[in-house]
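Asks: would you be able to build a 3D model of this:
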Amino acid sequence: MFHDPEKALHQFASVKPGYYDLINTDIRMNQLNGLKLCQRIRALDPSAKVSFLTAPNAVDELANILSPEPTGILRKPVDQYRFAKYVKDSLDTVSPTTG
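Replies: Alright, predicted model coming up:
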C-alpha cells in the first residue's frame, strides 16, 4: 500500500508487467490524481487491472471517461468485508462495475 501515488507508480514501473493482479486507487489524491495514475500505469502495462474507490457522484462520470473500462469502481464509504468481496470479484471477472 502506498500513500504517495508517485511512489506507487515508481514501484509499479520497477516490476515486470503482470506482477500485480489488481491496482486499487482513489481518484482524489495529492500530486497525481487516480486518473493520471491509471494512464501512466496503462502506459507501462496496457493489460493492468485498475479499479477505483471514489465518491458516489463520480462513478458514472468515471465509467464514461475511462477506456479501456476500469476493472471496477467502488463507491465510498466501504467497510472491510465489502472491500474484500469487491477485490475478489474484480480478480474473478474481467470488467465489473460495482455499486
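
Asks: remind me which residues of this structure are low pLDDT?
Replies: Within the chain, the segments meeting pLDDT under 70 span 56-72, 93-99.

Asks: what do you get if the cut-off is 80, keeping everything else the same?
Replies: Scanning the chain for pLDDT under 80 picks out 54-75, 93-99.

Asks: longest single helix anywhere in it?
Replies: Ranked by residue count and defined by DSSP state H, the top helix of the chain is helix 80-92.

Asks: check which residues of that one are buried.
Replies: For helix 80-92, a neighbour-count test (16 or more other CB atoms under 10 Å) marks 86-87, 90 as buried. From N, CA and C alone the C-beta is placed, and that goes for glycine too.

Asks: look up how far His10 lies from Ile41.
Replies: Applying CB to CB, to the nearest Å, the value for Ile41 to His10 is 11 Å.

Asks: returning to that earlier point: kindly export the longest helix of the chain (C-alpha atoms) in PDB.
Replies: Extracted in PDB, the C-alpha atoms of helix 80-92 (Å, rounded to 0.1, in the frame of the first residue of the first chain):
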ATOM      1  CA  GLN A  80     -13.500  -4.100   5.100                       C
ATOM      2  CA  TYR A  81     -15.900  -7.000   4.200                       C
ATOM      3  CA  ARG A  82     -17.400  -5.300   1.200                       C
ATOM      4  CA  PHE A  83     -13.900  -4.200   0.100                       C
ATOM      5  CA  ALA A  84     -12.600  -7.800   0.300                       C
ATOM      6  CA  LYS A  85     -15.600  -9.100  -1.700                       C
ATOM      7  CA  TYR A  86     -15.000  -6.300  -4.300                       C
ATOM      8  CA  VAL A  87     -11.400  -7.200  -4.700                       C
ATOM      9  CA  LYS A  88     -12.200 -10.900  -5.100                       C
ATOM     10  CA  ASP A  89     -14.900 -10.200  -7.600                       C
ATOM     11  CA  SER A  90     -12.600  -7.800  -9.500                       C
ATOM     12  CA  LEU A  91     -10.000 -10.500  -9.800                       C
ATOM     13  CA  ASP A  92     -12.500 -13.200 -10.800                       C
END
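
Asks: could you report the separation of the residue nearest the centre of the chain from Leu91?
Replies: What sits nearest the mean C-alpha location of the chain, by CA atoms, centre = their mean, is Ser51, with 2.8 Å. Separation of Ser51 from Leu91 (CB to CB): 10 Å.

Asks: done for today, thanks.
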